[in-house]
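K.L.:
here is the input, now give the coordinates:
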Amino acid sequence: MTLRHNRLTGPRTLAWTAILLAPLTLLVGCNRPASISTSPGGPGRSAVVTRPAAGSGAGRSSVDAPPGPAGTRSGVDVGDASPAADAGRLTYVQMDIGQGDSELVISPDGHAMLVDAGLPGNEGKILGVLRAHGVERLDYALESHPHADHIGSMRAVIEQGPPVGLFLASGYRHTSQMQTALLQTLKSKGVKGRYVRAGDSFPLGDAVTVEILAPTTLLHNTDSDPNNNSVVARVGYGAVHLLLAGDMEEDERRALLAGRADLQSDALKVAHHGSHNGTDADFLARVQPKVALISCAVGNDYGHPHDVALKMLTQDRIPFYRTDLQGDITLHSDGRALTVATEKQAILPLTLTGNETAARFGASSSVARSDSGDMTSPRLSERGIRRASSTAAPTTSNGSGGRGSAAHSEGATGDAESGAIIGNRRTKVYHLPGDASALPSAQNRVTFSSESAAEEAGYHAARR
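P.N.:
Model prediction:
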């Protein structure tokens, strides 16, 4: 693949024509604003607001970010999730798009970056969030890595959504119909592209910087090369930093820790949907997050989030939030402090693993609690949030919100034993022959003759 490298500016320009000619594989987380009082954050650190919540207003959603038990690094203030709260502040939205990732970053002066776009079929959700926040142009669209749960709706968003100034990616190459179609769309839309490496940085408006921390070089022969070549980005505004870790696993994390990059960040988008291989104690010690965000679906096929990740966050007294139980998670910052708001009220403890959450909700559906206390469909509960409770880890607000299946509790094993590749219509995950532990129910089941046929249909392999 031919890539043009601008040695003066650092970022590499992607030649879409050259990429399309080469094989590319796709293996496939309100309250009325009041004056801000801050606590000292230390040199180079953001202060964190610790005042109690004010009264809530209709049509707004807010939540206390629970400070956790005694000894927790900091409390986080009640936030305002309404787009009106964006003005003059850094805005970050961790969208509830089921089992996948999609994040929106908006600078105080209105410049925007979209990071990933979830599985196919999420474009309506993503475009709705862009419209709600008044995004008329994306300065950047960033692909963390080319798995379907991260780029599945990117093509549709680029075709149907606001214009994109620059597409950013690691340049890791794979072959799939989905990846090829995305690149063709970028070319036909005239969207310029660059692959990024550690040390690159991009301005997002006048006051926000997007630093690239990884990859330094592309890794090969790891447990998952796509995951271990995730673009890891650190968004900075004033003294506040947000770290977006993609689906980074152990090999990339080891390389990142071996470097000298400043990883300290106030908010961490937890790697790999809270998987056991996405986080470790050394990494958390370097990042020192005041709050962590996990993007996953209720009843997902992987059991995300895993017990080991939840225990590490709990032991380090880091408040965390989950899209599967709380819907969209919105952060705001004035460059000194963070506020957190969630879309829905959690009715289960956030310390439950993915499998435990699925068992509580049952195999076929998830629920949320609205302002009135009624049990509702997760996609219909869009009203305000009640205040959170504090426990060893945040068992805070919000209801469920994913498209994931609880396939592990659903099903028969016959097709897998006969050698067929089984796909789940709801989660777009396929299972290899002999994988009898997590099959969908008959009504959600589809069979494929090969892995490539499943991937070309938009399905991705089950991961453990």
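K.L.:
right, and Val446 touches Ile421 too?
P.N.:
No. With contact defined as C-beta atoms under 8 Å, Val446 and Ile421 do not form a contacting pair (9.4 Å). Yep, even glycine has a C-beta here, placed from its N, CA and C like the rest.
K.L.:
and these two? Which one has more around it.
P.N.:
In terms of neighbours (other C-beta atoms under 10 Å), Ile421 is the more surrounded of Val446 and Ile421; the figures are 22 against 16.
K.L.:
and the closest residue to the more buried one other than its chain neighbours, how many neighbours does it have?
P.N.:
Leaving aside its chain neighbours, Ile421 sits nearest to Phe448 (4.4 Å; criterion: C-beta to C-beta, 6 or more residues apart in numbering). Residue neighbour count, defined by other C-beta under 10 Å, stands at 17 for Phe448.
K.L.:
mind checking how far Phe448 is from Ile422?
P.N.:
Going from Phe448 to Ile422 by C-beta to C-beta, to the nearest Å gives 8 Å.
K.L.:
which neighbours do those two have in common?
P.N.:
Listed as contacting both Phe448 and Ile422 by C-beta atoms under 8 Å, 6 or more residues apart in numbering are Tyr430.
K.L.:
what does stretch 245-257 contact?
P.N.:
With C-beta under 8 Å, 6+ apart as the criterion, stretch 245-257 contacts 101, 116, 144-145, 147, 150, 213-216, 219, 222-224, 226-232, 263, 268-273, 275, 277-278, 280, 282-283, 286.
K.L.:
list the buried residues in that stretch.
P.N.:
Burial within stretch 245-257, assessed by neighbour count using 16 or more other C-beta atoms under 10 Å, is assigned to Ala245, Gly246, Asp247, Met248, Glu249, Glu250, Asp251, Glu252, Arg253, Ala255, Leu256.
K.L.:
for the fourth one, what are phi and psi?
P.N.:
By that I understand Met248. Comment: the main-chain dihedrals of Met248 come out as phi -50, psi 130, following degrees, to the nearest 10.
K.L.:
and the gap between it and Val235?
P.N.:
Relative to Val235, Met248 is positioned 16 Å away (C-beta to C-beta).
K.L.:
before we move on, what about the third one?
P.N.:
Summarising the geometry, the distance separating Asp247 from Val235, computed by C-beta to C-beta, is 18 Å.
K.L.:
circling back: hang on, isn't the residue nearest to Ile421 packed against Asn424?
P.N.:
No. Using C-beta under 8 Å, Phe448 is not in contact with Asn424, being 11.6 Å away.
K.L.:
list residues touching both of these two?
P.N.:
Listed contacts common to Phe448 and Asn424 are Tyr430; contacts here mean C-beta under 8 Å, 6+ apart.
K.L.:
which of the buried residues of stretch 245-257 sits closest to His431?
P.N.:
Proximity to His431 was ranked across the buried residues of stretch 245-257 by C-beta to C-beta; first place goes to Asp247, at 19.6 Å.
K.L.:
mind checking pLDDT for the closest one?
P.N.:
Here the pLDDT value assigned to Asp247 is 95.
K.L.:
quick one, phi/psi of it?
P.N.:
Here is the backbone geometry of Asp247 (degrees, to the nearest 10): phi -110, psi 30.
K.L.:
roughly how far does it sit from Asp139?
P.N.:
For Asp247, the distance to Asp139 equals 23 Å [C-beta to C-beta].
K.L.:
same check, this time on Ile106
P.N.:
Going from Ile106 to Asp139 by C-beta to C-beta gives 10 Å.
K.L.:
show me what the longest helix seen in the chain is packed against.
P.N.:
When the chain is scanned for its longest helix (criterion: DSSP state H), the result is helix 177-188. If contacts are counted by 3 or more C-beta pairs under 8 Å, 6 or more residues apart in numbering; DSSP states H and E, helix 177-188 sits against helix 16-21, helix 148-151, helix 154-160, helix 451-456.
K.L.:
which residues of the stretch 301-450 of the chain fall in helices?
P.N.:
For the stretch 301-450 of the chain, the helices defined by DSSP state H, counting those that start in this stretch occupy 307-315, 323-326, 354-361, 414-417.
K.L.:
please identify the most buried of those helices.
P.N.:
The highest average neighbour count among the helices of the stretch 301-450 of the chain, using mean count of other C-beta atoms under 10 Å, belongs to helix 323-326 at a mean of 33.
K.L.:
list the contacts for the closest residue to Leu119 other than its chain neighbours?
P.N.:
Excluding the flanking residues, the one nearest Leu119 by C-beta to C-beta, 6+ apart is Gly152, at 4.0 Å. With C-beta under 8 Å, 6+ apart as the criterion, the residues that contact Gly152 are Gly100, Ala117, Gly118, Leu119, Pro120, Gly121, Asn122, Met178, Lys428, Gly458.
K.L.:
would you mind giving me the PyMOL syntax to select the buried ones in those residues?
P.N.:
This is how PyMOL selects the buried members of these, with burial counted by 16+ other C-beta under 10 Å:
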select buried, resi 100+117+118+119+120+122+178+428+458
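K.L.:
what is the nearest of the contacts of Gly152 to Leu325?
P.N.:
Proximity of the contacts of Gly152 to Leu325, judged by C-beta to C-beta, is greatest for Gly100, which lies at 16.0 Å.
K.L.:
OK, contacts around that closest one?
P.N.:
The neighbours of Gly100, taking C-beta under 8 Å, 6+ apart as the test, are Asp116, Gly118, Leu119, Asn122, Asp149, His150, Gly152, Ser295, Ala297.
K.L.:
would TSV of those residues with distance to Leu352 and pLDDT be doable?
P.N.:
Formatted as TSV, the entries for the contacts of Gly100 read as follows, by distance: C-beta to C-beta, whole Å; pLDDT from 0 to 100:
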residue	distance to Leu352	pLDDT
Asp116	25	98
Gly118	23	96
Leu119	23	95
Asn122	24	96
Asp149	21	94
His150	25	95
Gly152	26	95
Ser295	16	98
Ala297	14	95
